[in-house]
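Enquirer: Dropping the sequence and predicted coords here.
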Amino acid sequence: MRELLRTNDLTVIAWATALLEGEDIEVFALDVHMSALEGSIGILPRRLMVRDADHFRARAILRDCGVPLES
């Protein structure tokens, strides 16, 4: 698994997940239950992971759709 996206914005995670699942790329969200530790204030980023083999294609899909990615 390889990290594709890291953000505090839950809408970006949901949008990226929908885009990738629409292209038959399996995604796995990490740190989704960290809100129990942080008190639901959203300071800890969530990560979106994909298989190594899908990383290049997934990154291209998100970039083409305007999802903000870190370099």
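Expert: In hand now; what should we look at?

Enquirer: The residue lying closest to Asp31 once chain neighbours are set aside and Arg2, how far apart?
Expert: Of all residues not flanking Asp31 in the chain, Arg46 sits nearest, at 4.7 Å (C-beta to C-beta, 6 or more residues apart in numbering). For every residue, glycine as well, the C-beta is placed using N, CA and C. For Arg46, the distance to Arg2 equals 16 Å [C-beta to C-beta, to the nearest Å].

Enquirer: more crowded one of these two?
Expert: A count of neighbours by other C-beta atoms under 10 Å puts Arg46 above the other of Arg46 and Arg2, at 20 against 13.

Enquirer: residues in contact with the more buried one?
Expert: Arg46 makes contact with 6-8, 10, 13, 29-32, 34 under the criterion C-beta atoms under 8 Å, 6 or more residues apart in numbering.

Enquirer: Compare those and tell me which is most surrounded.
Expert: Ranking those using other C-beta under 10 Å puts Ile13 first, with 21 neighbours.

Enquirer: doesn't Leu4 make contact with that residue?
Expert: No. Using C-beta atoms under 8 Å, Ile13 is not in contact with Leu4; the gap is 10.4 Å.

Enquirer: show me what contacts Val12?
Expert: Neighbour list for Val12: 5, 67-68 [criterion: C-beta under 8 Å, 6+ apart].

Enquirer: Which stretches in this structure count as strands?
Expert: 2-7, 27-30, 46-50 (DSSP state E).
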